[in-house]
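**Student:** give the three-dimensional model of this entry:
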Amino acid sequence: MKNCTLLTLLLMTFLTVGSMAQSSSTKSKKTGNEWHAAGDAIPRSKEFADRLTKDLALDEITSRKIFQAYLANTKPVDEIKMGPGSDEAKKESLNVNSAAFNETLKGILSPEQFTKYINTKSGKKE
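**Tutor:** Predicted structure coming up:
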């Protein structure tokens, strides 16, 4: 009888430990606060580059440069949005990042294209 009880306890211990190990290896669900997956950054960058290519009549080389610049900027923007801090601090960080990104675009686009981009971005019509 004592051996049977001991065997039952050991069996229950192994089953419990096994089920705990199995449940910890399952994939956690997304809560919506994670950084956008890297696979999401590429379509977002392509969409931005395609929109500017159409709006500003960019050539293929300039369009590729815009795509690369936007792609490099997606992770810092997402980290700011999903990171800790108040909404006001995030807004300030996003404004600083936006200014830096605009400087990058200024180096890629012609002065006329950049002016048109800024006017379009701010909602002004030419």
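
**Student:** what sits against Lys90?
**Tutor:** Under the criterion of CB atoms under 8 Å, 6 or more residues apart in numbering, the neighbours of Lys90 are 80-81, 83. In short, each C-beta sits where N, CA and C put it, glycine included.

**Student:** ok, of the residues you listed, which one's closest to Lys54?
**Tutor:** The closest of the contacts of Lys90 to Lys54 turns out to be Lys81 (CB to CB; 26.4 Å).

**Student:** just checking, that closest one touches Leu94?
**Tutor:** Yes: between Lys81 and Leu94 there is a contact under CB atoms under 8 Å: 7.4 Å.

**Student:** name the residues that touch whichever strand or helix holds Ala69?
**Tutor:** Using DSSP states H and E, Ala69 sits in helix 60-82. With CB under 8 Å, 6+ apart as the test, helix 60-82 has contacts from 33-36, 41-42, 44-46, 48-50, 52-53, 58, 90, 93-94, 97, 101, 104-105, 108-109.

**Student:** now do the buried residues in it.
**Tutor:** 62-63, 65-67, 69-71, 73-74, 77-78, 80 (16 or more other CB atoms under 10 Å).
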